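Asker: sequence isn't available, so here's the structure alone:
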């Protein structure tokens with residue numbers, strides 16, 4: 001399957017640079033899987049599309065201020081680290097800039113303790129592909145506190161505007177630190193709108209998937225089947241496993257909020273099959289593209305994604321490539337806002 005089949009022309013002015021003041025004020029394009037028909041509305045129209053008994057699955061990961069700006073200890077040249085995955089013993093998998101100058105043995109320093117000494121040092125231990133590095137941190141105190149002090153929110157490269165309010169790149173239900181990017185479909189919800197859905201009889205289920213390198217790594221192959229996804233960590237607790245099992249037994253519709261929730265659910269389906277889902281954790285590198293048969297996900301709330309991305313392929317697997325390309329064409333024609341801070345799409 002050719003990667004170019006998932007390409008489309010997107011005017012740069014449709015890339016949303018800042019979040020809307022009201023989270024629920026986004027527009028909503030609704031796409032029927034069965035007929036391929038579309039409707040255009042606003043995000044709160046989702047309430048009408050959801051039914052009593054539906055299960056809404058949300059990813060409660062929390063983005064860490066994973067972008068660290070420092071200087072090389074020996075030359076004073078600017079250097080940047082983007083934290084991706086915690087490995088233990090103060091070691092992290094990360095992306096670095098400039099990659100050519102940050103080889104194994106390079107040391108980057110951050111901040112000033114008031115006496116001229118850095119607050120934190122990071123040494124490059126080893127090199128991987130596409131700018132990947134294993135980093136060893138050295139510091140005094142508590143790492144998370146230093147990260148909150150020194151780090152910036154790791155906004156995607158297509159967002160050029162500065163984000164003044166950090167919490168606007170977090171979902172209102174974020175709980176567990178660990179992501180290098182937000183599960184952006186969830187950014188549209190407010191606590192009051194979630195309560196409104198619960199009052200209607202929609203059940204909320206929470207999973208955790210920490211968004212990592214796969215979000216930043218472009219496809220560098222010509223055919224879809226050649227691409228390998230980077231592994232990301234997921235968790236499911238007993239209470240939420242029980243809610244998913246109840247939904248399966250009663251034939252309730254399972255609605256994933258975002259591609260990260262969808263990938264977690266389908267990972268669970270692959271892990272437990274037709275049996276009972278249990279509390280668990282692990283790493284997933286599941287890659288969903290057309291030809292895949294969804295086992296748990298019945299509907300999906302998502303944002304509009306980058307051309308030729310694995311996320312466009314995932315939504316194409318759910319409703320069909322032709323329907324997605326047609327819907328994206330309509331979104332461009334109607335000037336929907338794209339990507340992380342953009343508008344939403346409901347595939348049902």
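Answerer: Thanks, I have the structure now. Since the model is a prediction, treat every value here as computed from it, not as a measurement. Residues are numbered from 1 along each chain as shown.
Asker: and the helices in this protein?
Answerer: With DSSP state H as the criterion, the chain has helices at 46-49, 143-150, 191-200, 238-249, 259-272, 310-319, 321-333.
Asker: compare the ones you listed and give me the one nearest residue 25.
Answerer: With distances scored as CB to CB, the stretch of these nearest to residue 25 is helix 191-200 (11.1 Å). All C-beta atoms are positioned from the backbone trio N, CA, C, and that covers glycine.
Asker: give me the contacts around stretch 97-117.
Answerer: By CB atoms under 8 Å, 6 or more residues apart in numbering, the list of residues contacting stretch 97-117 from outside reads 68-74, 77, 79-81, 96, 118-127, 131, 133, 146, 149-150.
Asker: buried subset of the residues you listed?
Answerer: Members of the contacts of stretch 97-117 that pass the buried threshold by neighbour count (16 or more other CB atoms under 10 Å) are listed as 68, 70, 72-73, 79-81, 96, 118-124, 131, 133, 146, 150.
Asker: geometric centre of this structure: which residue is closest?
Answerer: Here the mean C-alpha position of the chain is nearest to the C-alpha of residue 183 (CA atoms, centre = their mean), at a distance of 3.6 Å.
Asker: I figured that one was touching residue 260, is that so?
Answerer: Yes. Under the criterion of CB atoms under 8 Å, residue 183 lies in contact with residue 260, with a separation of 4.5 Å.
Asker: anything in contact with each of these two?
Answerer: Applying CB under 8 Å, 6+ apart, one finds that residue 183 and residue 260 are jointly contacted by 59, 61, 209, 211.
Asker: show me what contacts the third one?
Answerer: Yep, that's residue 209 we're talking about. Counting by CB under 8 Å, 6+ apart, the residues that residue 209 touches are 59, 61, 183, 232, 233, 234, 260, 261, 263, 264, 284.
Asker: go again using 7 Å as the cut-off
Answerer: Taking CB atoms under 7 Å, 6 or more residues apart in numbering as the definition of contact, the neighbours of residue 209 are 59, 61, 232, 234, 260, 263, 264.
Asker: any chance of JSON lines for those, columns pLDDT?
Answerer: Rendered in JSON lines, the data for those read as follows (pLDDT from 0 to 100):
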{"residue": "59", "pLDDT": "98"}
{"residue": "61", "pLDDT": "98"}
{"residue": "232", "pLDDT": "94"}
{"residue": "234", "pLDDT": "98"}
{"residue": "260", "pLDDT": "97"}
{"residue": "263", "pLDDT": "98"}
{"residue": "264", "pLDDT": "98"}
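Asker: same list (the helices of the chain) but as TSV, adding distance to residue 293.
Answerer: Formatted as TSV, the entries for these read as follows, by distance: least, CB to CB, whole Å:
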stretch	distance to residue 293
helix 46-49	23
helix 143-150	41
helix 191-200	28
helix 238-249	16
helix 259-272	10
helix 310-319	9
helix 321-333	15
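Asker: for residue 163, find the nearest of these.
Answerer: Of the helices of the chain, nearest to residue 163 by CB to CB is helix 143-150, at 15.2 Å.
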